[in-house]
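**Student:** build me a model:
(one chain, ligands or ions: 1)
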Amino acid sequence: MEDKRLLFHVCCGPCSIALFEELKTAYTEVVAYFYNPNIHPEAEYIKRRDVVKQLCEKAGVPFIEGPYNKEHWFALTDAYKANNEGGARCKICFDMRLEEAMRYADEQKFDIVATSITSGRNKRADVINPLGNVWAETYGLTFLEADWKKGGRQEKGIQLAKEEDIYRQEYCGCIYSKLVREKKIKEKQ
Ligand code: SF4
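**Tutor:** A predicted model of the protein is given here:
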């Protein structure tokens, strides 16, 4: 076990459920940081936040909630609202959350920062990890590079989420991804 304090940026329950134990056995201190102003509407944000809170309680991991500054998120992504998932809007969205996680980790004297975002099926580690590394360098911290989809973790996460019967969202998070999802459902009807 490494004698280090790790701040774990958590995006949602399904993406993190398989990772708490693994991180807890690797680092002396693990704290979850829920900073996701990309989740809309607010009722959905609260739902996802509360799932993560429950998982943290169960895993014995302290839970911290960051600001829900969605106005800032909308301002940063406004020019890219028509983008498909995986485009420039998503890169900005990852970058914003990683920057804040790194800022908080620096303020609270953590050593390492990780994010659960790369657990997501459509979330590319080769896009997310370099952003984490840039912010880590800026703040003089270490970013735990990972592709959490790999090593059987994705399958484990799906299985645990079913066993625990946690809420599994149907769209990535932002209002734009929600509208796309709703359109697809309508087209199928
Ligand atoms: S689709 Fe997901 S990753 Fe992309 S901008 Fe929306 S919330 Fe962020």
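
**Student:** CA only for contacts and neighbour counts going forward, please
**Tutor:** Fine.

**Student:** pLDDT wise, what is the residue of the chain found nearest the ligand at?
**Tutor:** Nearest residue of the chain to the ligand (C-alpha to the nearest ligand atom) works out as C90 at 3.5 Å. Looking at C90, its pLDDT reads 98.

**Student:** ok, now G86?
**Tutor:** 91.

**Student:** hang on, the earlier thing: ok, the residue of the chain closest to the ligand to E163 distance?
**Tutor:** C90 is 30 Å from E163, where distance means C-alpha to C-alpha, to the nearest Å.

**Student:** cool, and E107?
**Tutor:** 37 Å.

**Student:** and for T118?
**Tutor:** 22 Å.

**Student:** more crowded one of C90 and E163?
**Tutor:** C90 (21 against 9; other C-alpha atoms under 10 Å).

**Student:** and the more buried one, its phi and psi?
**Tutor:** phi -70, psi -40 (degrees, to the nearest 10).

**Student:** ok, it - contacts?
**Tutor:** Contacts for C90 (C-alpha atoms under 8 Å, 6 or more residues apart in numbering) come out as none.

**Student:** repeat that with 10 Å
**Tutor:** 38, 77, 80-81, 83-84, 96, 123, 127-128, 174 (C-alpha atoms under 10 Å, 6 or more residues apart in numbering).

**Student:** next, count neighbours for K24.
**Tutor:** K24, neighbours per other C-alpha under 10 Å, totals 17.

**Student:** could I get the pLDDT score of Q189?
**Tutor:** 86.

**Student:** going forward, begin numbering at 320 instead of 1
**Tutor:** Understood, numbering begins at 320; the last thing we discussed is Q508.

**Student:** could you measure from it over to D430?
**Tutor:** From Q508 to D430 the distance is 50 Å (C-alpha to C-alpha).

**Student:** try L325
**Tutor:** In terms of C-alpha to C-alpha, L325 sits 6 Å off from D430.

**Student:** any shared contact partners between the two?
**Tutor:** 424, 461-462.

**Student:** pipe the residues you listed into JSON lines and attach secondary structure, neighbour count and distance to the ligand per row.
**Tutor:** Output for those, formatted as JSON lines (DSSP: H, G, I helix; E, B strand; the rest coil; neighbours: other C-alpha atoms under 10 Å; distance: C-alpha to the nearest ligand atom, whole Å):
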{"residue": "A424", "secondary structure": "helix", "neighbour count": "24", "distance to the ligand": "21"}
{"residue": "T461", "secondary structure": "strand", "neighbour count": "19", "distance to the ligand": "23"}
{"residue": "F462", "secondary structure": "strand", "neighbour count": "24", "distance to the ligand": "19"}
